[in-house]
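A.B. asks: Pasting the sequence and the predicted coordinates here, then a few questions.
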Amino acid sequence: MSKESSSVFEKFKARALAKPETARVYRARMDKLEKDPEARLSLLAPQVGRILRAARQKRRLTQAEQAEASGILQSEISRIETGGGTLGPSMETMVNYAHALDMEVVLMLKPRESALPADLVRMFGEAEAKGGVAADEGAVRLWGIF
C-alpha cells in the first residue's frame with residue numbers, strides 16, 4: 001500500500017470511527033479477532049479462495065482440470081474458491097494447488113503492528129541472497145517458498 005493510499009485509508013478510518021455505533025462494532029470485532037484465532041483465519045479463507053480462483057482462471061483451467069492436475073477433489077476446489085469452511089485450505093492443499101499452476105506459495109511473517117513494507121520486492125531479493133532471512137531496522141522478517 002502506498003503512503004498516499006495509506007493516508008487516505010487512515011482518514012477514512014478516523015471519520016468512520018468518529019461515529020459511536022461504528023466504533024462500537026469495530027472494537028467488538030477487533031476484540032473477537034484478538035481473542036479467537038479461528039475468527040482471524042475465517043477472514044482469510046475467502047481471500048485465499050479468490051486468489052486461487054483468479055490464478056486458475058488466468059491459466060484457463062476448469063475446476064475439473066485443476067483437480068486432476070493438483071490431486072485435489074473438484075468439490076474441494078469449489079469449496080476453497082468460494083471461501084467455504086472456517087479455516088480455509090491447509091498449507092499442503094495450497095501448495096498442491098499452486099504447484100499445479102506452476103506457481104509457488106510464499107509465506108512472510110512480520111510483526112503485527114508493522115505495515116507491509118513498501119520495498120517488499122527489494123527486501124525479498126535481499127532475503128533470497130541471505131538464505132531466507134531479511135533484517136529491516138532490527139526486525140527479522142522470515143519467508144519461505146513452498
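C.D. replies: Happy to help now that I have it.
A.B. asks: When you work out contacts or count neighbours from here on, use the C-alpha atoms and nothing else.
C.D. replies: Noted.
A.B. asks: so where's this structure uncertain?
C.D. replies: Low-confidence segments of the chain, defined by pLDDT under 70: 1-6, 41, 85-87, 110-146.
A.B. asks: Walk me through the domains of it.
C.D. replies: 3-100, 106-145 (automatic domain parsing).
A.B. asks: Tell me which residues of stretch 25-43 come out buried.
C.D. replies: Residues of stretch 25-43 classed as buried by neighbour count (16 or more other CA atoms under 10 Å): 33, 40, 42.
A.B. asks: Those residues in helices, which ones?
C.D. replies: Within these, residues falling in helices by DSSP state H are 33, 40, 42.
A.B. asks: Export the helix or strand harbouring Gln47 to CSV, keeping only CA atoms.
C.D. replies: Assessed by DSSP states H and E, Gln47 sits inside helix 37-58. This file holds the C-alpha atoms of helix 37-58, laid out as CSV (Å, rounded to 0.1, in the frame of the first residue of the first chain):
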residue,chain,number,x,y,z
PRO,A,37,-7.7,-17.5,16.2
GLU,A,38,-10.4,-19.3,14.3
ALA,A,39,-12.2,-15.9,13.7
ARG,A,40,-8.9,-14.5,12.3
LEU,A,41,-8.4,-17.4,10.0
SER,A,42,-12.1,-17.4,8.8
LEU,A,43,-11.4,-13.9,7.3
LEU,A,44,-8.5,-15.4,5.3
ALA,A,45,-10.4,-18.2,3.7
PRO,A,46,-12.4,-16.1,1.2
GLN,A,47,-9.3,-14.0,0.3
VAL,A,48,-7.2,-17.1,-0.4
GLY,A,49,-10.0,-18.7,-2.4
ARG,A,50,-10.4,-15.6,-4.6
ILE,A,51,-6.6,-15.5,-5.3
LEU,A,52,-6.5,-19.2,-6.2
ARG,A,53,-9.6,-19.0,-8.4
ALA,A,54,-8.1,-16.0,-10.2
ALA,A,55,-4.8,-17.9,-10.8
ARG,A,56,-6.7,-20.9,-12.1
GLN,A,57,-8.9,-18.8,-14.4
LYS,A,58,-5.9,-16.9,-15.7
